[in-house]
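Participant: requesting a structural model of the entry that follows:
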Amino acid sequence: MSFLASNLRFLRKQKGITQNELAEQLDVQRTMISAYEDGRSEPKLATLQRIADLLETGIEELLEHDIERLGRRAIQKRNIQILTIATDQNDEENITWVGQKASAGYLNGFADPEYMEQLPQFHLPNLAKNATYRAFELAGDSMLPLISGTIIIGAYVDQLQAIRSGRTYVLVTRTEGVVYKRIFNYLEENGKLFLVSDNEHYKPYEVKGEDVLEIWEAKAFISTDFPNPGDKKKALSLEDLGEMIKDIQLDLQRLKG
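Facilitator: The predicted model follows:
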């Protein structure tokens with residue numbers, strides 16, 4: 001089954017392009033765009049490639065993947081970005097610290113070298129030398145036993161598909177801001193990531209792969225809170241989290257049905 005008609009209509013509207021505007025860019029009649037979107041006609045290969053380029057997708061995704069229902073698939077294979085790195089006077093990489101108050105500004109300034117230079121920087125021993133690190137200060141109690149104010153040291157991940165289910169990451173996203181969660185990777189199935197809190201009082205939620213700006217895999221943390229051996233709180237296991245996700249997905253399917 002070809003998804004060309006529905007994908008063309010969905011991506012065109014998503015970009016805010018009218019049928020007339022798309023027709024002008026493709027040098028065809030507007031009625032041809034209407035016919036493509038109604039499934040009454042299909043473009044020749046050369047035109048199809050131009051459509052894919054204009055809508056920033058691939059021919060295979062455009063024809064074979066239900067983008068509106070399942071989310072983008074091509075986004076999984078791109079690099080997240082060119083990373084802005086701070087260095088010291090010896091040209092060694094610093095760890096830049098993004099505090100709670102700086103999180104909102106970081107969304108707009110993470111690619112700006114001047115902004116990044118203004119943030120606090122430090123070094124830590126015993127970290128692998130083959131990675132770039134950044135520090136993020138937690139807010140709230142969604143990832144207990146790590147409390148608000150804990151600093152997560154994350155190693156940069158440059159590919160969405162490199163996210164490993166069940167591990168914790170700091171994600172910088174267009175929709176949710178800067179968040180630290182346990183991630184389950186469903187990009188191959190529906191183009192989305194499932195974000196789960198270790199504190200069971202917080203509900204899991206989904207983020208589209210295309211909304212992810214940066215990924216940092218948690219490697220260490222700094223905290224002034226010492227663990228209490230008498231604390232009987234039990235952290236959720238990966239098996240518990242997996243079962244929770246299955247239950248939530250079944251509920252979502254029932255609601256959609």
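Participant: CA atoms for contacts and neighbours, from now on please.
Facilitator: Noted.
Participant: domain assignment for the chain?
Facilitator: The record assigns the chain these domain ranges, following automatic domain parsing: 4-70, 95-256.
Participant: averaging pLDDT over each of those domains, which comes out lowest?
Facilitator: Mean pLDDT per stretch puts domain 95-256 lowest among the domains of the chain, at a mean of 86.
Participant: for stretch 177-189, C-alpha coordinates in PDB please.
Facilitator: Provided in PDB are the C-alpha atoms of stretch 177-189 (Å, rounded to 0.1, in the frame of the first residue of the first chain):
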ATOM      1  CA  GLY A 177      12.500  21.300  27.500                       C
ATOM      2  CA  VAL A 178      15.500  19.700  29.300                       C
ATOM      3  CA  VAL A 179      14.400  16.400  31.000                       C
ATOM      4  CA  TYR A 180      16.200  13.500  32.700                       C
ATOM      5  CA  LYS A 181      14.300  10.200  32.300                       C
ATOM      6  CA  ARG A 182      14.700   6.500  31.700                       C
ATOM      7  CA  ILE A 183      14.200   6.100  27.900                       C
ATOM      8  CA  PHE A 184      12.600   3.300  25.900                       C
ATOM      9  CA  ASN A 185      13.400   3.400  22.200                       C
ATOM     10  CA  TYR A 186      10.500   2.800  19.900                       C
ATOM     11  CA  LEU A 187      11.800   4.800  16.900                       C
ATOM     12  CA  GLU A 188      11.700   1.800  14.600                       C
ATOM     13  CA  GLU A 189       8.100   1.100  15.400                       C
END
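Participant: so which bits of it are buried?
Facilitator: Using 16 or more other C-alpha atoms under 10 Å as the burial criterion, the residues of stretch 177-189 that qualify are Gly177, Val178, Val179, Tyr180, Lys181, Arg182, Ile183, Phe184, Asn185, Tyr186, Leu187.
Participant: what's the nearest residue to Phe221 if we skip its chain neighbours?
Facilitator: For Phe221, ignoring the flanking residues on the chain, the nearest one in space by C-alpha to C-alpha, 6 or more residues apart in numbering is Ile152 at 4.4 Å.
Participant: starting at the chain centroid, how far to the helix or strand harbouring that neighbour?
Facilitator: Here Ile152 is covered by strand 151-157, with elements defined by DSSP states H and E. Taking the mean of its C-alpha atoms, strand 151-157 sits 15 Å from the chain's own mean (C-alpha atoms, centre = their mean, to the nearest Å).
Participant: ok, for Thr47, nearest residue in space, not its chain neighbours?
Facilitator: If the residues on either side of it in the chain are set aside, Thr47 comes closest to Leu26, at 7.2 Å by C-alpha to C-alpha, 6+ apart.
Participant: where along the stretch 101-250 of the chain do the helices fall?
Facilitator: Applying DSSP state H, counting those that start in this stretch to the stretch 101-250 of the chain gives helices spanning 103-109, 113-118, 187-190, 238-256.
Participant: same for the second one, what does it pack against?
Facilitator: What it means is helix 113-118. With contacts defined as 3 or more C-alpha pairs under 8 Å, 6 or more residues apart in numbering; DSSP states H and E, helix 113-118 has no helix or strand neighbours.
Participant: buried ones in it?
Facilitator: Counting neighbours by 16+ other C-alpha under 10 Å, the buried set in helix 113-118 is Met116.
Participant: export it to PDB, keeping only CA atoms.
Facilitator: What follows is helix 113-118 as a C-alpha-only set of coordinates in PDB (Å, rounded to 0.1, in the frame of the first residue of the first chain):
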ATOM      1  CA  PRO A 113      29.300  29.500  21.400                       C
ATOM      2  CA  GLU A 114      29.000  32.900  23.100                       C
ATOM      3  CA  TYR A 115      26.100  31.700  25.300                       C
ATOM      4  CA  MET A 116      27.900  28.500  26.100                       C
ATOM      5  CA  GLU A 117      31.100  30.300  27.300                       C
ATOM      6  CA  GLN A 118      29.000  32.200  29.900                       C
END
